[in-house]
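Participant: What follows is a predicted structure for the sequence shown.
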Amino acid sequence: MAEAVQTTALLVEDFDVALITPVRHAVNRGAAGAGLTGQRLEDFVLAVNEIVTNAVRHAGGGGTLRMWVAGGVLVCEVVDKGAGIPEERLSGEAALPPSSAISGRGLWLARHLVDDVLVTTGEAGTIVRLSSAVPG
């Protein structure tokens, strides 16, 4: 018999350009309440902010954010209705864009700030799931 995983919902928010900052603050409060502190907290909030900003800038202007704790891991999922992320951006080995590039760092940065990033993308939209272990 599989062991049940305790799940605690922390946040569910729709967002658009006007709500980027309030959503970032809500993520900060929720992640801190879940037990992230210091640099781990700052990194998690920055990673989520990058993905939310990407959804606003590149995927139709908004989306939905859900955040929860399950099995000692803080998870934040950002869902948009855009046309999908180009294949060259999805490689975990993708190089940091040159300093002259205007954009293209959000997903790369998120991958370096949290423990795990899972991307599901297609013509109907994208789901980016960010995860970081919560200290026990």
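Facilitator: Nice, thanks for sending it over. Residues are numbered from 1 along each chain as shown.

Participant: Need the single longest helix in this protein, by residues.
Facilitator: As assigned by DSSP state H, the longest helix anywhere in the chain is helix 38-58.

Participant: Tell me the first helix or strand C-terminal of that helix.
Facilitator: Scanning forward in sequence from helix 38-58, with DSSP states H and E defining helices and strands, the next element found is strand 62-70.

Participant: Pull up the pairing partners for that following strand, direction included.
Facilitator: With DSSP bridges as the test, strand 62-70 is paired with strand 7-16 (antiparallel), strand 73-80 (antiparallel).

Participant: Would you mind finding the most buried of these?
Facilitator: Ranked by mean neighbour count, the strands paired with strand 62-70 are led by strand 73-80 with a mean of 22 (mean count of other CB atoms under 10 Å). The C-beta positions use only the backbone N, C-alpha and C, and glycine is treated the same way.

Participant: what about it, average pLDDT?
Facilitator: Throughout strand 73-80, pLDDT has a mean value of 97.

Participant: Distance from the lowest-mean-pLDDT helix or strand in the chain to the middle of the chain?
Facilitator: In the chain, no helix or strand scores lower on mean pLDDT, DSSP states H and E than helix 87-90, which sits at a mean of 76. Relative to the mean C-alpha coordinate of its chain, helix 87-90 is positioned 17 Å out (CA atoms, centre = their mean, to the nearest Å).
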